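*Asks:* Sequence first, predicted model second:
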Amino acid sequence: EKLAGGQDLFYLFFQPHRSYTEDGFRIATARFNEGQTPVRINNDERNTGVKTFRVLENYPNPFNASTNFWMMLPEGDSNQLTVEILNLLGQKVRTLFNGRLEGGYHRLTWDGRNDFFHPVPSGMYICRFNYGSRQELRKVLLVR
C-alpha cells in the first residue's frame, strides 16, 4: 500500500509454514512507516532467520503442468545446493538447480520436462536435494 508521495504505508513478508498445503502462509514480518518500524507477529524461530536446511513438501502433488518445491537455507551459510529430479531407477532426469543461494526461503519449479526440455511420462519421480553434507528426498507424482 502506498501513501501520497509514493511512501510505503505497510509491508508484509510471508513465509511458508511447513507445507503451505497444510497450514498456509504465516506473516513473518510487518513494517509500517516506510519500513522503519519492524513489528514481529510471532516470537518463534520462523521470524528470526532460517537456522537449518529444510525442504518442505512440494505443491501440487500429484501435478500435471508444474509443481513447486520450497526450501529453507540457513542464514550466513554458503554451501553448494544441487536439486535433481530422478526416475525410480535412480537415473537423473533433470537438474533444477546447481549452485549457491542466499540463506532464507526459496522456491524451485519443475515443469515435468527433462534436461532436453522434452516432457517426461506420467509416473513417480524423486526430487533429490543435496546441500553441503545433507540430503533430502521428496516423492513427486506426475499425472499427464
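*Replies:* Noted; the coordinates are in hand. These figures come from a predicted structure and were not determined experimentally. Residues are numbered from 1 along each chain as shown.

*Asks:* where in the chain is pLDDT low?
*Replies:* Low-confidence regions of the chain, defined by pLDDT under 70, span residues 1-49.

*Asks:* which residues in it form helices?
*Replies:* For the chain, helices defined by DSSP state H do not occur.

*Asks:* surely Asp115 meets Arg94?
*Replies:* Yes - assessed by C-beta atoms under 8 Å, Asp115 is found in contact with Arg94 at 5.3 Å. (Each C-beta comes from the backbone N, C-alpha and C, glycine too.)

*Asks:* neighbour-wise, which of the two wins?
*Replies:* Taking neighbours as other C-beta atoms under 10 Å, Asp115 and Arg94 compare with Arg94 leading, 19 against 12.

*Asks:* what number of residues lie near the closest residue to the more buried one other than its chain neighbours?
*Replies:* Using C-beta to C-beta, 6 or more residues apart in numbering and skipping the chain neighbours, the partner closest in space to Arg94 is Ile85 (4.2 Å). The number of residues packed around Ile85, counting by other C-beta under 10 Å, is 23.

*Asks:* mind listing what Ile85 touches?
*Replies:* 92-96, 110, 125-128, 140 (C-beta atoms under 8 Å, 6 or more residues apart in numbering).

*Asks:* Now stretch 52-60: buried residues?
*Replies:* Of all the residues in stretch 52-60, those buried under the rule 16 or more other C-beta atoms under 10 Å are 53-56, 58-59.

*Asks:* could you measure Val55 against Arg134, distance?
*Replies:* Separation of Val55 from Arg134 (C-beta to C-beta, to the nearest Å) stands at 10 Å.
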